[in-house]
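Asks: what follows is a predicted protein model with its sequence.
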Amino acid sequence: MNGFSATRVWAVLIKEFKQLTRDRLTYAMILALPVIQLLLFGYAINSEPRHLPTAVLVQEDSVFARSILTSLKNSAYFDLVAQAHTPTELDAMIRRGDVQFAITIPGDFTRRVARGDKAQILVEADATDPSATGSAVAALSALPSQALAADLKGALAAKGRSQPAFEVVVHRRYNPEAVTAYNIVPGLLGVILSMTLVMMTSLSVTRETERGTMESLLATPVEPIEVMIGKLAPYVLVGVAQAVIILAIAKLLFHVPMMGGWIGLTLGVTLFIVGSLALGFLISTAARSQLQAMQMSFFYIMPSLLLSGFMFPFRGMPAWAQAIGQMIPVTHFLRVVRGALLKGQSLSDMWRELLALLAFVCVVTALAMARYRRTLD
Amino acid sequence: MTLAIDVHGLNKSFGDKHVVQDVSIQVEHGRICGFLGPNGSGKTTTLRMLCGLLTPDSGAGTCLDLDIIGQANAIKRQTGYMTQKFSLYEDLTLEENLMFSARVHELDHRKDRVIHALKRLGLVERRGQLAGTLSGGWKQRLAHATATLHEPKLLLLDEPTAGVDPKARRTFWDEIHALSAEGLTVLVSTHYMDEAERCHEIAYIAYGRLIARGTADQVVARSNLVTFNGEGPGIDRLSGELAARPGVEMAAPFGAALHVSGSDRAALEAAIAPYRREPFRWTEVDPTLEDVFIQLMEGAEDNFR
């Protein structure tokens, strides 16, 4: 029996602490990253979004219509950003995701209010993400009793008091029952793909450096782009297999609607897989150890979860956070997946998101090639 | 005779450490050049600069008539480089490692070449074994086979026989000589004196500077070292005492004998004069390569500080 020796504990402790101080960069990251993340996400995340982009189709130019629009604006939930001229135009805006709400004030609105004949306005909400629209829809309930209060005079005023002057009809489009899974499961496709793919390739070059095989590899005539393509290709297959499995489960177990948009979805999945792998490769050219590579991957994955619109409504974030979110490929991929599956978007609706993903692939590949060291310098 | 390696004034620093200083090396085609020097003297760095793994801070030259800076990739095609530390894929089998090398070099008849290389190694039966499970000597042989699979014209070997048993070392050197006879140029770093003597010529580097070059005999002759061999009971115990005397640059026991060397004959004679008595017997001998190298090393150290 050796007993317990405080000196031996001390010996291990001192050794460990010395080794810790030798790897300053890694531990600087361990201390700095939580602070950055705390500030970033603390200020960025808002689960009750206001100032949601709203398009209106006003089929009559009247005092009442203007009052309703003013009242909507004053609620702070709706920002009137576009004026549609036809129902088709309005429909396209909400399908593309340009706006969160589409409001129609019909041509006979004033007449019906005056006659007390079931006057209605139509509010269509893009409910793919139920949490993004929830509070705004709730705020609509106060609209009928307040919006026209100042305009209803004389005989009409009495009518307004006894019952609301008009009714707000809300259509929750694309996810009428507000099923969270319809929004989350397609989102998980993006999150799961980036978690596994970025991490897998982020270890690939650092592993060669750590094991010493990099020296042999660099002594061969192999070119950087050949290394990159060769290293990423097997993982593309892994990514495609994951995507197929996740989509199958989404359909079979979660009954996520699949409205079409298969060409766009396929393109989007492919670009996203390649982009995530290329990003992992870029990380692995910058990291000096596998531990650092893991940390950098996590640093990427956190905002992918929180700033992409996966967990919290994208439009709820302040402008600077949205700008960061736009740089994250998951943001664009989520729009492609949700757009294709829930809205049946065609290529013409989602080309901007696909272009953003393509740009990401190109920029990251170029950076990785610039960073990849052909020598041991 | 044309030169396979012809580099001048190579310099390389890491941080504030000047690891290689003004090193120039010329090696003729088909020759085996031994690259010697103490640990940390810049041998590995020089080899890496020759095969394009490191970029020299200054200096220029050619390997196989290709510029070492501008045409590094063309050099890599015709060069075999064997690293000091085993750097093949431990999680691939022997055959897979060789096959990878064959494909990366775009060789034809890959299957045949790999099988042939495995046969020469005597490892055909174990070709499915993972490289990581091989013992040190076999790893070295596999690394050697991989480095020569693409029939390079230049072979750079970084301490290829460290930790390898004498028989395997003998086999290894027989192979090197056979390849050299076919026209392969070899630059091999080593710490073993017997290996240095097996080279056509040697280059000695210490503290980043090349301080001796030539055949083993030339290096010994140029050193102007005088060595006395002392024999007699207990003489090996006197090494410390003798080493401290003026004129003695080095005193080292060799078994029961003692080698005492110095570059000034008169001073050395004076130093051992008190010990020229029974039971000791002194004879002048040719200095060994090792005597010369230790002297070179100590001299270089003085210059360096």
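Replies: Everything's here; your move. Residues are numbered from 1 along each chain as shown, chains lettered A, B, ... in the order given.

Asks: near chain B, which residues of chain A?
Replies: Within reach of chain B by C-beta under 8 Å from any C-beta of the partner chain, chain A has these residues: A:211-216, A:218-223, A:374-377. Where C-beta positions appear, they are placed from N, C-alpha and C, glycine not excepted.

Asks: how is chain A divided into domains?
Replies: When chain A is parsed into structural domains using automatic domain parsing, the resulting residue ranges are A:52-173, A:180-376.

Asks: quick one: end-to-end distance for stretch B:192-211.
Replies: 18 Å (C-alpha to C-alpha, to the nearest Å).

Asks: mind checking how far that stretch is from the chain centre?
Replies: Using C-alpha atoms, centre = their mean, to the nearest Å, the distance from the centre of stretch B:192-211 to the centre of the chain it belongs to is 6 Å.

Asks: what does stretch B:252-263 give?
Replies: The chain centre lies 24 Å from the centre of stretch B:252-263; the measure is C-alpha atoms, centre = their mean.

Asks: try stretch B:83-100
Replies: The chain centroid and the centroid of stretch B:83-100 are separated by 23 Å under C-alpha atoms, centre = their mean.

Asks: repeat for stretch B:200-220
Replies: 10 Å.

Asks: how about the domains of chain A, which one is nearest residue B:66?
Replies: domain A:180-376 (12.3 Å; C-beta to C-beta).

Asks: in the sheet, who's paired with the closest residue in space to residue A:85 that isn't next to it in sequence?
Replies: Distance criterion C-beta to C-beta, 6 or more residues apart in numbering or on different chains; nearest residue to residue A:85, sequence neighbours excluded, is residue A:57 at 7.4 Å. Taking DSSP bridges as the rule, residue A:57 bridges to residue A:104.

Asks: for residue A:57, give its distance to residue A:106.
Replies: Counting by C-beta to C-beta, to the nearest Å, the separation of residue A:57 from residue A:106 is 9 Å.

Asks: how about the secondary structure of the closest residue to residue B:223 other than its chain neighbours?
Replies: Nearest residue to residue B:223 in three dimensions, chain neighbours excluded: residue B:292, at 4.4 Å (C-beta to C-beta, 6+ apart). Of the three states, residue B:292 takes helix according to DSSP: H, G, I helix; E, B strand; the rest coil.

Asks: distance of residue B:292 from residue B:196?
Replies: Taken as C-beta to C-beta, the span from residue B:292 to residue B:196 is 10 Å.

Asks: number of nearby residues for the residue lying closest to residue A:83 once chain neighbours are set aside?
Replies: Nearest in space to residue A:83, with sequence neighbours left out and distances taken as C-beta to C-beta, 6+ apart, is residue A:56 at 6.0 Å. As a burial measure, residue A:56 scores 22 neighbours (other C-beta atoms under 10 Å in any protein chain shown).

Asks: again, but for residue B:148
Replies: Using other C-beta under 10 Å, residue B:148 has 19 other residues around it.

Asks: one more: residue A:210?
Replies: Neighbours of residue A:210 under the rule other C-beta under 10 Å: 15.

Asks: what is the strand or helix carrying it packed up against?
Replies: Here residue A:210, judged by DSSP states H and E, is contained in helix A:204-211. Using 3 or more C-beta pairs under 8 Å, 6 or more residues apart in numbering or on different chains; DSSP states H and E as the contact test, the elements touching helix A:204-211 are helix A:213-218, helix A:262-286, helix A:290-306.

Asks: quick one: mean pLDDT over the helix or strand that the first one is followed by.
Replies: The helix or strand immediately downstream of helix A:213-218 is helix A:224-252, counting by DSSP H and E. Averaged over helix A:224-252, pLDDT sits at 94.

Asks: what does stretch B:12-29 give?
Replies: Stretch B:12-29 comes out at a mean pLDDT of 91.

Asks: and what of stretch B:220-238?
Replies: Averaged over stretch B:220-238, pLDDT sits at 87.

Asks: contacts for that stretch next, please.
Replies: With contact meaning C-beta atoms under 8 Å, 6 or more residues apart in numbering or on different chains, stretch B:220-238 is reached by B:212, B:214, B:251, B:253-265, B:268, B:272, B:275, B:278-289, B:291-292, B:295-296.

Asks: quick one on the thing from earlier: now the residue nearest to residue B:223: how far from residue A:73?
Replies: Residue B:292 sits 94 Å away from residue A:73, going by C-beta to C-beta.

Asks: hang on, residue A:53 in a strand?
Replies: Yes: per three-state DSSP, residue A:53 lies within a strand segment.

Asks: per-residue pLDDT of it, please?
Replies: pLDDT, read off for residue A:53, is 92.

Asks: also residue A:272?
Replies: Per-residue confidence (pLDDT) for residue A:272: 97.

Asks: list the contacts for the residue lying closest to it once chain neighbours are set aside?
Replies: In this structure, residue A:272 finds its nearest non-sequential neighbour in residue A:333, 4.4 Å apart by C-beta to C-beta, 6+ apart. Residue A:333 makes contact with A:190, A:268, A:272, A:353, A:357 under the criterion C-beta under 8 Å, 6+ apart.

Asks: hmm, back to that, show the buried residues in the residues of chain A next to chain B.
Replies: By neighbour count, with 16 or more other C-beta atoms under 10 Å in any protein chain shown, these hold A:211, A:213, A:214, A:215, A:216, A:218, A:219, A:220, A:221, A:222, A:374 as buried.

Asks: look at residue B:197 and say how many residues are nearby.
Replies: By other C-beta under 10 Å, neighbour count at residue B:197 equals 14.

Asks: quick check: it touching residue B:292?
Replies: No: the criterion here is C-beta atoms under 8 Å, and residue B:197 misses it with residue B:292 at 11.7 Å.

Asks: between these two, which contacts overlap?
Replies: With C-beta under 8 Å, 6+ apart applied, the contact sets of residue B:197 and residue B:292 do not overlap.

Asks: does residue B:151 sit in a helix, a strand or a coil?
Replies: Here residue B:151 is recorded as coil under three-state DSSP.

Asks: what about it? Give its phi and psi, please.
Replies: When quoted as degrees, to the nearest 10, the phi and psi of residue B:151 stand at phi 50, psi 60.

Asks: and the pLDDT at it?
Replies: So residue B:151 comes in at 93 (pLDDT).

Asks: for residue B:109, see how far away it is.
Replies: Taking C-beta to C-beta, one finds residue B:151 at 12 Å from residue B:109.
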